[in-house]
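In: below are the sequence and a predicted model; questions follow.
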Amino acid sequence: MTYFIFLYLFATLAIGVLASRKVKNTKDFILAGRSLPLSITTAALFATWFGSETILGASSQMALEGFPGVIQEPFGAALCLFLLGVFFAVPLYKMNILTFGDFYRIRYGRIMEVLAGIFLVLSYLGWIAAQMVAMGIILNTIIGLDIQTGIYLSAGIVVFYTFLGGMWSVSLTDFVQMIMIIIGLAACLYEMNASRSLVDLITSSPIGTFNLLPEKGWVPSLNYLSAWMVLGLGSIPQQDLFQRVMAAKSAKIAVLASLIAAALYLTVAMIPLILALYARDLMPNVLESNPQMLIPYLVKGFTSPVVQVCFFGAMTSAILSTASGAILAPSSILSENLFKYILPKKEWSEKRLLLLSRLAVLLTASIGLWIAMGRQDIYELVEESSAISLVSLFTPLAFGLFSSKCTQIHAVISLLLGTVVWLVAIYFDTNINPLLYGFSASIIPMLLGTIFPIQIESTKKKHLS
């Protein structure tokens, strides 16, 4: 099995080298030249979050709490892909932009571009760290490699092929990795079902395990709503999701890929949740000591060598694909919306901007690695990352796309107010999820801007000129 995993890692690096030949400019590096067909676009969107959060984080929550503990992931993630395809893919695709930072500049102005860029980058650091931690855990489980050494090794591999091929590397590896994920998880479930009927497992589960409704009371209901919103709305203004859908060769493909990926995500993500129930019954001691290790230990202890190879190959695939997109996204923001303005405009050659994008990959990965070495709770790292974008970036995006009345003043106040209120609510440890306070606060300035618009020259025209 060890040889297979290293062979797979080598193949991933080879794909990155081959993909680098397609990269001629920043559009190729960030959006794969906006030329991806439906199959690869779907695979890329499906792979956006299907990594450590789904297989390790969400599965541990499923074993502890059942469906009530996994509303955020995978249900909220599937909702995000659905909403993206129905409401956001077409208007964003038609803008023909490279990053979300470009949207905030065109719609609101340069100040909003810089602020949004900073918040977008911050929202990814925990996400990147979570993928590195997960890869360290997997290498520790497979070959006994020290977790910290595994984190360094996985970071190096992902950075290498992302640095070379950018979105081309991410997309092509995502396509291979999606196939690996489905085969690996299906093989594991098939073998576990042979040892104990899935029907028997479900019927013997505690009451409430598969309950998708909130508990009675307004506080539980609001917190239930917030669980849907963390990824369901909070990940819509995320650069990695944006890059994957904007890399499609047409707006129609972007929409179809989003909807198919939503359906795939919701169905395939059920497999690790079911496996978590098997693990809960077979290894109650692991559930108490380290629930993130439930599925890796289940596979290693209760499946055949062939299934182990399939599963850990799938696990490696899932984490690598998520990590590569997570690193590329903030790197694109850093280079296109922040660092680029340090250079004189006359030096904005394609060659120099491409180099800037690649250097940003190294910087982003280094910060994520530093966080990964200090914090290793995958579920918390992911939740914090998504909450940042929900309270700061989603409302200006939604109002900016579907209303022409709000200006940069409203957007900046919305971003800052939502963030401050969220942080204050965290400090006071409110019974209601703090992100609901932050999200509600972010809406107020945009609503006021819609009702009482400021009569000034169109920011959009100003910044397009």
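Out: Received it, and whenever you're ready, just let me know what you need. Small disclaimer: the values here were computed from a predicted structure and weren't measured.
In: please name the nearest non-neighbouring residue to the residue nearest the centre of the chain.
Out: In the chain, the residue lying closest to the centroid (CA atoms, centre = their mean) is Trp49, at 4.3 Å. What sits nearest to Trp49 in space, not counting adjacent residues and going by CB to CB, 6 or more residues apart in numbering, is Ala77, at 5.1 Å. To be clear about C-beta, it is placed using only N, CA and C from the backbone, and glycine gets the same treatment.
In: doesn't that neighbour fall inside a strand?
Out: No - Ala77 is assigned helix when assessed by DSSP: H, G, I helix; E, B strand; the rest coil, not a strand.
In: what number of residues lie near the nearest residue to Ile143 once chain neighbours are set aside?
Out: Take Ile143 and drop its neighbours on the chain: the residue closest to it by CB to CB, 6+ apart is Thr2, 4.9 Å away. A count of nearby residues for Thr2, using other CB atoms under 10 Å, gives 13.
In: cool, and Ile207?
Out: 7.
In: same deal with Ala387?
Out: Every residue meeting other CB under 10 Å relative to Ala387 is counted, giving 24.
In: next one: the one 4 residues further on
Out: By other CB under 10 Å, the residues close to Val391 number 29.
In: please state the offset of stretch 234-251 from the chain centre?
Out: Distance, stretch centre to chain centre, for stretch 234-251: 11 Å (CA atoms, centre = their mean, to the nearest Å).
In: let me see the mean pLDDT of it.
Out: Stretch 234-251 carries an average pLDDT of 92.
In: one more: stretch 453-465?
Out: On average, stretch 453-465 scores 51.
In: re earlier: my read is that the residue nearest to the centre of the chain contacts Thr322, right?
Out: Yes - between Trp49 and Thr322 a contact is recorded at 6.4 Å, counting by CB atoms under 8 Å.
In: tell me how far Phe439 lies from Leu125.
Out: 21 Å (CB to CB, to the nearest Å).
In: Ile142 now?
Out: Distance of Ile142 to Leu125, computed by CB to CB: 27 Å.
In: do Pro445 as well
Out: Distance from Pro445 to Leu125, by CB to CB: 26 Å.
In: before we move on, what about Met95?
Out: 27 Å.
In: who has more neighbours, the two?
Out: Between Met95 and Leu125, counting by other CB under 10 Å, Leu125 is the more crowded of the two (21 against 12).
In: list the contacts of the more buried one.
Out: Pro330, Thr364, Ile367, Gly368, Ile371, Ser385 (CB atoms under 8 Å, 6 or more residues apart in numbering).
In: can you put those residues in JSON lines and add pLDDT and distance to Gly449?
Out: Compiled in JSON lines, those are given as follows (pLDDT from 0 to 100; distance: CB to CB, whole Å):
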{"residue": "Pro330", "pLDDT": "89", "distance to Gly449": "28"}
{"residue": "Thr364", "pLDDT": "90", "distance to Gly449": "33"}
{"residue": "Ile367", "pLDDT": "89", "distance to Gly449": "34"}
{"residue": "Gly368", "pLDDT": "86", "distance to Gly449": "35"}
{"residue": "Ile371", "pLDDT": "85", "distance to Gly449": "35"}
{"residue": "Ser385", "pLDDT": "68", "distance to Gly449": "28"}
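In: let me know the closest of these to Val412.
Out: Pro330 (20.6 Å; CB to CB).
In: so the closest one is in contact with Gly126, correct?
Out: No - taking contacts as CB under 8 Å, Pro330 lies outside contact range of Gly126: 11.2 Å.
In: more crowded one of these two?
Out: A count of neighbours by other CB under 10 Å puts Pro330 above the other of Pro330 and Gly126, at 30 against 24.
In: from Phe394, how far out is the more buried one?
Out: With CB to CB as the criterion, Pro330 and Phe394 are 17 Å apart.
In: could you do Lys27 as well?
Out: In this view, Lys27 and Phe394 are 26 Å apart by CB to CB.
In: repeat for Ser332
Out: In terms of CB to CB, Ser332 sits 19 Å off from Phe394.
In: more crowded one of the two?
Out: Ser332 (31 against 22).
In: element containing that one?
Out: Under DSSP states H and E, the secondary-structure element containing Ser332 is helix 305-333.
In: phi, psi for Ile432 please.
Out: Per-residue torsions, Ile432: phi -80, psi 140 (degrees, to the nearest 10).
In: does it really touch Leu225, like I thought?
Out: No - judged on CB under 8 Å, Ile432 makes no contact with Leu225 at a distance of 9.7 Å.
In: what's near enough to touch Ala314?
Out: Met180, Ile181, Ile182, Ile183, Gly184, Leu185.
In: filter the residues you listed down to the buried ones, PyMOL style.
Out: Burial among the contacts of Ala314 is assessed by 16 or more other CB atoms under 10 Å; the matching PyMOL selection reads:
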select buried, resi 180+181+182+184+185
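In: of all the contacts of Ala314, which two lie farthest apart?
Out: Met180 and Leu185 (9.4 Å).
In: low-confidence ranges, the stretch 1-150 of the chain, go.
Out: Across the stretch 1-150 of the chain, residues meeting the criterion (pLDDT under 70) sit at 1, 51-52.
In: with the stretch 251-400 of the chain instead?
Out: The low-confidence ranges in the stretch 251-400 of the chain, as defined by pLDDT under 70, are 375-385.
In: got the contact list for the residue nearest to Ser60 when sequence neighbours are not counted?
Out: Distances taken as CB to CB, 6+ apart place Pro291 nearest to Ser60, at 3.5 Å, with adjacent residues excluded. Contact partners of Pro291, counting by CB under 8 Å, 6+ apart, are Ser60, Gln61, Ala63, Leu64.
In: and stretch 209-228, what's its mean pLDDT?
Out: 92.
In: surely Lys22 and Trp168 touch.
Out: Yes - at 4.7 Å, Lys22 counts as touching Trp168 under the criterion of CB under 8 Å.
In: between these two, which one's more packed in?
Out: Trp168 (26 against 17).
In: so how far is Asp240 from that one?
Out: If you go by CB to CB, the gap between Trp168 and Asp240 works out to 15 Å.
In: okay, and Val245 sits in which element?
Out: Assigned by DSSP H and E, Val245 belongs to helix 239-246.
In: can you give me the buried ones in that helix?
Out: Within helix 239-246, the residues that count as buried by 16+ other CB under 10 Å are Gln239, Asp240, Leu241, Phe242, Gln243, Arg244, Val245, Met246.
In: cool, and stretch 152-172?
Out: In stretch 152-172, counting by 16+ other CB under 10 Å, buried: 152-155, 157-172.
In: with adjacent residues omitted, what lies nearest to Leu417?
Out: In space, Leu417 is closest to Ala441, 4.9 Å off (CB to CB, 6+ apart).
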